[in-house]
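**Q** I'll drop the sequence and a predicted model, then ask my questions.
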Amino acid sequence: MDEASKSSICEAIEQYIRAIGRVADDDMQFGRLVELFDAGYVDSLGIVALTGFIEDTFGVELTEEDLFDHRFTTITGMAEIIASRRAAPPT
């Protein structure tokens, strides 16, 4: 999957988190590389909603392994996981 696709995935996730977390546009701490859970942008209820959003929007099924992957803590990391899932041949 190309970088433009990863960028569009990042954009969709970022917009969703900003909406559910009511993150202000001028929040200088928020970004695609911030640790979303540690920084308090996503909580336990938010992760359930975010997981559903990702699966519905991108047509992937996240596994428990995905959710515990260190990359799943940032928007960029989530996009990498999603992109790799979408690029993988069906099993």
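**A** That came through, no problem. Residues are numbered from 1 along each chain as shown.
**Q** what sits up against the lengthiest helix in the chain?
**A** Scanning the chain for the helix with the most residues, using DSSP state H, yields helix 3-20. For helix 3-20, the surrounding residues in contact (CB atoms under 8 Å, 6 or more residues apart in numbering) are 23, 25, 30, 32, 36, 41-42, 46, 49-50, 53-54, 57-58, 75-76, 78-80, 82-83. (Glycine included, C-beta is placed from N, CA and C.)
**Q** ok now it, how far from the chain's centre?
**A** Centroid separation for helix 3-20 versus its chain: 7 Å, with CA atoms, centre = their mean, to the nearest Å.
**Q** cool, stretch 54-72 as well?
**A** On CA atoms, centre = their mean, the centre of stretch 54-72 falls 8 Å from that of its chain.
**Q** ends of it, how far apart?
**A** 12 Å (CA to CA, to the nearest Å).
**Q** show me what counts as buried in the longest helix of the chain.
**A** Using 16 or more other CB atoms under 10 Å as the test for burial, helix 3-20 gives 6, 9, 10, 12, 13, 14, 16, 17, 20.
**Q** which residue ranges form the helices in this protein?
**A** Under the criterion DSSP H, the chain contains helices at 3-20, 44-58, 64-68, 75-87.
**Q** could you dump those helices into a markdown table and include mean pLDDT?
**A** As requested, those are exported to a markdown table (pLDDT from 0 to 100):
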| stretch | mean pLDDT |
| --- | --- |
| helix 3-20 | 92 |
| helix 44-58 | 95 |
| helix 64-68 | 94 |
| helix 75-87 | 92 |
